[in-house]
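Enquirer: Return atomic coordinates for the entry below.
(one chain, ligands or ions: 1)
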Amino acid sequence: MTPGARVAAAIEILDVIGAGTPAEQALTRWARASRYAGSKDRAAVRDHVFDVLRNRRSVAVLGGGTDGRALMIGLLRQQGEDPALFFTGEGHAPAAMSEEERRSPDFSGETGERWNLPDWILAEFQRSLGSEAEATALALAQRAPVSLRVNLAKTTRLGAMSALQAEGVETEINPLAETALSVTLGARRLRNSPVYLEGLVELQDAASQAIIADLPAAERCLDFCAGGGGKALAMAAQGRDVSAHDIDPGRMRDLPARALRAGTPVAQVTRETLGALDPFDLVLCDAPCSGSGSWRRAPHAKWALYPERLDELTQIQDNILDDAVQSVHPNGWLIYATCSVLRVENEDRVATFVERNPDWHCTFERRFSVSDTGDGFFSAHLTRVKD
Ligand SMILES: C[S@@+](CC[C@H](N)C(=O)[O-])C[C@H]1O[C@@H](n2cnc3c(N)ncnc32)[C@H](O)[C@@H]1O
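Expert: Now for the predicted structure:
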């Protein structure tokens, strides 16, 4: 495909997304219907689409509209390209630009537009991040790094690096955790590589790994909000005895296969069986949240969040802590984590938990910035106050 044809494909997909189809679904449908597109074409079209979704506000201003065509004109301008070189009308390229489209709009640069955030969230964003607010917003508009967790139950970090290199996947040490690698080349080869298929590495954000690396020593651990089990598997790879629970057990459907591949067993517990089990030394609540620390991976979530939903999430987070604390051993740990950068979902939830439970205190809090090495995350360690 020519560069212009890739832009035309992105326009078509953005219009499908604009009409309400989720981004991944729209991309998959387009790829199935476009057998002529090679893997490089598919990757380039995907990058265009996700670059637009991350930068929706600024590119709408720069392109003078919100349909796929305007958004792509805006994206090319933002990337320092001349859109007229892509909009030629030749072959499969989009039609040549009109007189009006050629006029580069004035980019007023209001904060929400420059930061590519909805206006309503700006105050909370600034309260949460202070002097880091702008850098965080701008980082969320960039592509996310690809990080791997080395399964130390099967190999070493250097062992994994050289095995990956032999398969054409280049990596470098990621400083956030001793299990973490950043992929610098060949990420697309990963999923079919023996190193991945044999469970020597898992795809996992490095800050997510650091949250597990920070955990206090504890033998029997419960991942209360296990989802796909990324953190449960990371805990199991540390040699802990791990059980996984989720309000929606269907979310854990891939966990047995992943645990088998990793060679690190994870038991699954249901709501019903949980009450009959002995309390755990550590209960991790990786709570549902706005996902604001990982909006560069799921940019649609940035635009789908609204104030009432954020309020609802904080209520769910409080309820989860109140529920999960019942499974913690008297000398045990309650760990709270989110992939959010918002105080209202992080420090504020910990503070209100301690207010409701004065016999508990927080011994550790850590924030992870959105950076080249990892997503935005938060974690806090809570335990009972000792007499
Ligand atoms: C952030 S995701 C977990 C991601 C997972 N820990 C990982 O690292 O892959 C949050 C999970 O919490 C679950 N959840 C939501 N409400 C819950 C509740 N009240 N009790 C337990 N789990 C809940 C959701 O179904 C979702 O799978």
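Enquirer: any idea of the mean pLDDT for the host helix or strand of Glu308?
Expert: Element membership of Glu308 [criterion: DSSP states H and E] is helix 307-324. For helix 307-324, the mean per-residue pLDDT is 98.
Enquirer: From the chain's centroid, how far away is that helix?
Expert: Its chain's C-alpha centre and that of helix 307-324 lie 19 Å apart, by Cα atoms, centre = their mean, to the nearest Å.
Enquirer: Who are the packing partners of the helix or strand just after that helix?
Expert: Per DSSP H and E, helix 307-324 leads on to strand 328-338 as the next helix or strand towards the C-terminus. Based on contacts counted as 3 or more Cβ pairs under 8 Å, 6 or more residues apart in numbering; DSSP states H and E, the elements that strand 328-338 packs against are strand 280-286, helix 307-324, helix 347-356, strand 377-384. All C-beta spots, glycine's among them, are computed from the backbone N, C-alpha and C.
Enquirer: for the ligand, what are the nearby residues on the stretch 151-300 of the chain?
Expert: Selection of the stretch 151-300 of the chain residues close to the ligand by Cβ under 6 Å from any ligand atom yields 224-231, 246-248, 251, 286, 288.
Enquirer: Restricted to buried residues, select these in ChimeraX.
Expert: Applying 16 or more other Cβ atoms under 10 Å to those, the buried members can be selected in ChimeraX as follows:
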select :224,225,226,227,229,230,231,246,286,288
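Enquirer: Filter the residues of the stretch 151-300 of the chain next to the ligand down to just the ones in strands.
Expert: Filtering those for membership in strands, criterion DSSP state E, returns Asp286.
Enquirer: Okay, helices next: where are they in the stretch 51-200 of the chain?
Expert: For the stretch 51-200 of the chain, helices defined by DSSP state H, counting those that start in this stretch occupy the ranges 56-63, 68-78, 99-102, 111-115, 122-129, 133-140, 157-166, 194-197.
Enquirer: Dump those to TSV, plus mean pLDDT.
Expert: Listed next are the helices of the stretch 51-200 of the chain as TSV, based on pLDDT from 0 to 100:
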stretch	mean pLDDT
helix 56-63	95
helix 68-78	97
helix 99-102	93
helix 111-115	94
helix 122-129	97
helix 133-140	97
helix 157-166	96
helix 194-197	94
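Enquirer: I'd like to know which of those helices lies nearest to Ala9.
Expert: helix 68-78 (9.9 Å; Cβ to Cβ).
Enquirer: helices or strands next to that closest one in the packing?
Expert: Packing partners of helix 68-78 (3+ Cβ pairs under 8 Å, 6+ apart): helix 3-18, helix 39-54, helix 56-63.
Enquirer: how distant is the shortest one from the center of its chain?
Expert: For helix 56-63, the separation from the chain centroid amounts to 23 Å (computed by Cα atoms, centre = their mean).
Enquirer: what's it packed up against?
Expert: Using 3+ Cβ pairs under 8 Å, 6+ apart, helix 56-63 sits against helix 68-78, helix 111-115.
Enquirer: Also the second one?
Expert: In terms of contacts (3+ Cβ pairs under 8 Å, 6+ apart), helix 39-54 is packed against helix 3-18, helix 23-33, helix 68-78, helix 300-304.
Enquirer: Arg114: which of those is closest?
Expert: That would be helix 68-78 among the helices and strands packed on helix 39-54, by Cβ to Cβ, at 11.0 Å.
Enquirer: Quick one: work out the angle between that closest one and helix 39-54.
Expert: 90 degrees (axes from the mean of the first three to the mean of the last three Cα atoms, to 10 degrees).
Enquirer: Same question for helix 68-78: list its buried residues.
Expert: In helix 68-78, counting by 16+ other Cβ under 10 Å, buried: Gly68, Arg69, Ala70, Leu71, Met72, Ile73, Gly74, Leu75, Leu76, Arg77, Gln78.
Enquirer: Without its sequence neighbours, what residue ends up closest to the fourth one?
Expert: Right, Leu71. Of all residues beyond its chain neighbours, the one nearest Leu71 is Val52 (4.8 Å), with distances taken as Cβ to Cβ, 6 or more residues apart in numbering.
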